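S.K.: compute the structure for the input listed below.
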Amino acid sequence: MGRTPAKLDSVCLFCGSSDAADPRYLRAAAEFGQALARAGLRLVYGGGGVGLMGAAARAAHEVGGRVLGIIPDFLIGKERALETVEHVVVTSMHQRKQLFFEESDGFVIMPGGVGTLEEVIELLSWRRLDLHAMPVVFYNPDNFWGPLFALFQHTVDAKLTPPAFMDAWTVVDTVEDIVPALLAGPKAGASPMLTSVT
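M.R.: Prediction:
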């Protein structure tokens, strides 16, 4: 088995970076940032000041939370790096994702676009390969992630993914349930998954 943290201290957030996102999603991201800070957990995120990620980071920082932003140099202007929080500048998306993984003990996925999808697929692929056993929590307002879960189930039904993969994450519908789901850890029975599919 790969990385299994001894305790939950830092949580990585994958989410959208668009200010045009539904205001409800932006509010939820801010509420999550505050909840994480009040639980004494550090927020690890993409380093920008825009969209859901900016809302979460600012909210966590404003209530005294620890925040670490990780941003590639070529996105500093586009994603408006949040200078008020600790941040690390890297040179590639690959470095950014590697640091997300190394600096975090759990992951939260809020609504996002293709960039969020790319990060999530890699994270869950690594989970499928037993490279980590960290908790992964999807915030799923209005069944936002339902089509993705249906696609995952489609690959299971096609016998291309083991059924245990569907236990690799937890789904919550309210912001209040995110931190408790993280603290509960990975779902029981979610490991091992590195088995052949027949």
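S.K.: which is the next helix or strand following the helix or strand residue 94 falls within?
M.R.: Applying DSSP states H and E as the criterion places residue 94 in helix 93-103. Next along the chain after helix 93-103, taking DSSP H and E as the criterion, comes strand 106-109.
S.K.: average pLDDT for that following strand?
M.R.: Confidence over strand 106-109 (mean pLDDT, whole number) is 98.
S.K.: partner strands of it, parallel or antiparallel?
M.R.: strand 10-14 (parallel), strand 136-139 (parallel) (DSSP bridges).
S.K.: got the angle between the helix holding residue 94 and strand 10-14?
M.R.: 150 degrees (axes from the mean of the first three to the mean of the last three CA atoms, to 10 degrees).
S.K.: name the residues of helix 93-103 that are buried.
M.R.: 96, 97, 99, 100, 101 (16 or more other CB atoms under 10 Å). Backbone N, C-alpha and C define where each C-beta goes, glycine included.
S.K.: just the pLDDT for residue 67.
M.R.: Listed pLDDT for residue 67 reads 97.
S.K.: near it, how many other residues are there?
M.R.: Using other CB atoms under 10 Å, residue 67 has 23 neighbouring residues.
S.K.: got it, and residue 40?
M.R.: Neighbourhood size, residue 40 [other CB under 10 Å]: 10.
S.K.: residues contacting it?
M.R.: The contact partners of residue 40, by CB atoms under 8 Å, 6 or more residues apart in numbering, come to none.
S.K.: tell me which helix or strand it sits in.
M.R.: Using DSSP H and E, residue 40 is not contained in any helix or strand.
S.K.: now swap in residue 116 and tell me
M.R.: Counting by DSSP H and E, residue 116 is found in helix 114-128.
S.K.: rewinding a little: rebuild the strands paired with strand 106-109 as JSON lines, extending it with mean pLDDT.
M.R.: Formatted as JSON lines, these follow (pLDDT from 0 to 100):
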{"stretch": "strand 10-14", "mean pLDDT": "98"}
{"stretch": "strand 136-139", "mean pLDDT": "98"}
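S.K.: the helix holding residue 94 vs helix 114-128, what angle?
M.R.: Using the same axes, to 10 degrees: helix 93-103 against helix 114-128 is 50 degrees.
S.K.: for the protein, what helix or strand is lowest in average pLDDT?
M.R.: The weakest-scoring helix or strand in the chain, judged by mean pLDDT, DSSP states H and E, is strand 86-90 (a mean of 89).
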